[in-house]
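Colleague: Sequence first, predicted coordinates after that:
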Amino acid sequence: MQRQVISLPTESRQSEINIGYGIRRDLSQLVSRNFKQAPRRIGVISNKTVFKLYGKDLITALKSQSRDVLHWLIPDGERFKSFRIFEKAVSFLADNRFERNDVVVALGGGVVGDLAGLTASTYLRGIGLVQVPTSLLAQIDSSIGGKTAINLSSGKNMLGTFYQPHVVCIDTQTLDSLPARELVAGFCEMVKQSLVANQKLFDQTVALLKQFQLDQKTLATPDFERLITAHCMFKASIVANDERESADRTDSKSRRILNFGHTTAHALEKVTNYRWFRHGEAVGYGMLVAGELSKNLDLLDAADLESLREAVNLCGSLPRVEHIDVTEIIDALKFDKKSVQGQINWVLLDKVGSPKIVEGRLSSKRILRRSISDGLRASWRQKERSH
Ligand SMILES: NC(=O)c1ccc[n+]([C@@H]2O[C@H](COP(=O)([O-])OP(=O)(O)OC[C@H]3O[C@@H](n4cnc5c(N)ncnc54)[C@H](O)[C@@H]3O)[C@@H](O)[C@H]2O)c1
């Protein structure tokens, strides 16, 4: 399949999203096409794991664009999306005298993308930014839409900016080396995105997941590239229409709907000190809980809830949750960063492809508790059934 190009127009900038198998080797053309003035310096920010795999290719490709291609690596892990590492990243640019027309290339998963994005958006009040996402989650979600962040001791993603990358280069070939658990997490995010998008994207996603169970080489097929492209187009359409995630929008096209499954996911991550789940895995459980809650509030019918459960199950196995106390989860929900005036706002479903933002007080404590217990158990029940 040839390279697919999606144009993402926002108030702040026009971003170009490129998708294709092996396209990291064309990065230099993508850079020269999207920056009026050729950058004098390019700084690749990555982590040790990903750079070892793809750094050399990327540096070789970029050297035809700029003589000065430098790189700077962070250790691998969410805990390095920190203020201390952010300061070091900025110093890397400053010490090497990067200027306004120079460019940062973020090579890696969502952690690298968020940190490098924040660095590029704040250094000299903003320099060029190219995202080269290498995890599935980053390819369909975090590299698109311009959210950048680091974590503070008070919570995840507490410090950040909205800063659209000039170019996104999604090379699906890099998924060949992605560890199985990261794929499961990415699949969960795909299911989430398709559930709030439309029935067609949901069906396409479920079909791909079924195909993947039969043959892991599915990720190298044109069908998979088409699916990634469809996901990116959907995410781009939401971002183009609500770039800064307006807190007062509650319609089904607002950026907030992308938080489906995230209310419980954040609570699960918090009560397990961010050590038990990959973020996407927690979203897997979060969708099951949001599905139960939607059904218990008479929004979602039983057949659609069953489709949701089946889709989450197809993503692969999720970490055990029997040891997690439901009361602790409910307490943690109160600290959700996305709550408005102290009220949790749930993203629920009317049906597949029809999200709805619902105020937390519409559900009684009893319904909430039952939805959480049933949602957490649903994953295990499915596994028992399929054995
Ligand atoms: N900015 C946004 O809009 C947005 C959206 C969703 C999530 N996020 C953030 O993204 C982060 C999660 O991203 P993630 O799931 O990509 O995690 P990650 O960046 O930690 O990557 C997951 C793991 O996979 C490795 N990896 C990545 N690509 C690889 C490849 N091709 N081959 C082998 N190993 C590879 C990484 O080194 C890491 O160990 C979180 O910090 C989350 O807050 C941001």
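Modeller: Great, that's in hand. Numbering: from 1, shown residues only.
Colleague: which residues sit in contact with the residue in the stretch 201-350 of the chain positioned nearest to the ligand?
Modeller: As assessed by CB to the nearest ligand atom, the ligand sits closest to residue 279 within the stretch 201-350 of the chain, at 5.1 Å. To be clear about C-beta, it is placed using only N, CA and C from the backbone, and glycine gets the same treatment. Listed by CB atoms under 8 Å, 6 or more residues apart in numbering, the contact partners of residue 279 are 78, 110, 137, 185, 265, 269.
Colleague: Is it possible to get CSV of those residues that adds pLDDT and neighbour count?
Modeller: Below are the contacts of residue 279 laid out as CSV (pLDDT from 0 to 100; neighbours: other CB atoms under 10 Å):
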residue, pLDDT, neighbour count
78, 93, 17
110, 97, 27
137, 97, 25
185, 97, 27
265, 95, 25
269, 93, 23
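Colleague: how many neighbours does residue 46 have?
Modeller: Neighbour count for residue 46, taken as other CB atoms under 10 Å: 26.
Colleague: Now the strand or helix carrying it: average pLDDT?
Modeller: Per DSSP states H and E: residue 46 is located in strand 41-47. Strand 41-47 carries an average pLDDT of 97.
Colleague: For the following helix or strand past that strand, name the packing helices and strands.
Modeller: For strand 41-47, the following helix or strand on the C-terminal side (DSSP H and E) is helix 48-63. For helix 48-63, the elements it packs on are helix 27-34, strand 41-47, strand 68-74, strand 103-108, judged by 3 or more CB pairs under 8 Å, 6 or more residues apart in numbering; DSSP states H and E.
Colleague: hmm, 10 Å instead?
Modeller: Using 3 or more CB pairs under 10 Å, 6 or more residues apart in numbering; DSSP states H and E, the elements in contact with helix 48-63 are helix 27-34, strand 41-47, strand 68-74, strand 103-108, helix 110-122, strand 128-133, strand 167-171.
Colleague: now check the second one, is it near the ligand?
Modeller: It stands for strand 41-47. Yes - contact of strand 41-47 with the ligand (CB under 6 Å from any ligand atom) involves residue 47.
Colleague: returning to that earlier point: lowest average pLDDT across the helices and strands packed on helix 48-63?
Modeller: Ranked by mean pLDDT, the helices and strands packed on helix 48-63 bottom out at helix 27-34, with a mean of 92.
Colleague: Which elements pack onto it?
Modeller: In terms of contacts (3+ CB pairs under 10 Å, 6+ apart), helix 27-34 is packed against strand 14-20, strand 41-47, helix 48-63, strand 103-108, strand 128-133, strand 167-171.
Colleague: Could I have the CA atoms of the last one written out in PDB?
Modeller: So that's strand 167-171. Provided in PDB are the C-alpha atoms of strand 167-171 (Å, rounded to 0.1, in the frame of the first residue of the first chain):
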ATOM      1  CA  VAL A 167       4.400  16.400  10.600                       C
ATOM      2  CA  VAL A 168       3.400  13.000  11.900                       C
ATOM      3  CA  CYS A 169       5.100  10.000  10.300                       C
ATOM      4  CA  ILE A 170       3.400   6.700  11.100                       C
ATOM      5  CA  ASP A 171       5.500   3.800  10.000                       C
END
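Colleague: That one packs against which elements?
Modeller: Strand 167-171 is packed against strand 4-9, strand 14-20, helix 27-34, helix 48-63, strand 103-108, strand 128-133, helix 222-241, with contacts defined by 3+ CB pairs under 10 Å, 6+ apart.
Colleague: for residue 12, helix, strand, or coil?
Modeller: Following DSSP: H, G, I helix; E, B strand; the rest coil, the label given to residue 12 is coil.
Colleague: which ones are touching it?
Modeller: For residue 12, the contact set (CB atoms under 10 Å, 6 or more residues apart in numbering) comprises 126, 146, 162-164, 243-244.
Colleague: repeat that for 6 Å
Modeller: Residues in contact with residue 12 (CB atoms under 6 Å, 6 or more residues apart in numbering) are residue 164.
Colleague: Check the gap between it and the ligand for me.
Modeller: Distance, residue 12 to the ligand, using CB to the nearest ligand atom, to the nearest Å: 15 Å.
Colleague: How many residues are close by residue 210?
Modeller: As a burial measure, residue 210 scores 13 neighbours (other CB under 10 Å).
Colleague: before we move on, back to that, would you list the contacts of residue 279 in TSV and tack on distance to residue 202 and secondary structure?
Modeller: As requested, the contacts of residue 279 are exported to TSV (distance: CB to CB, whole Å; DSSP: H, G, I helix; E, B strand; the rest coil):
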residue	distance to residue 202	secondary structure
78	29	helix
110	23	helix
137	18	helix
185	19	helix
265	19	helix
269	25	helix
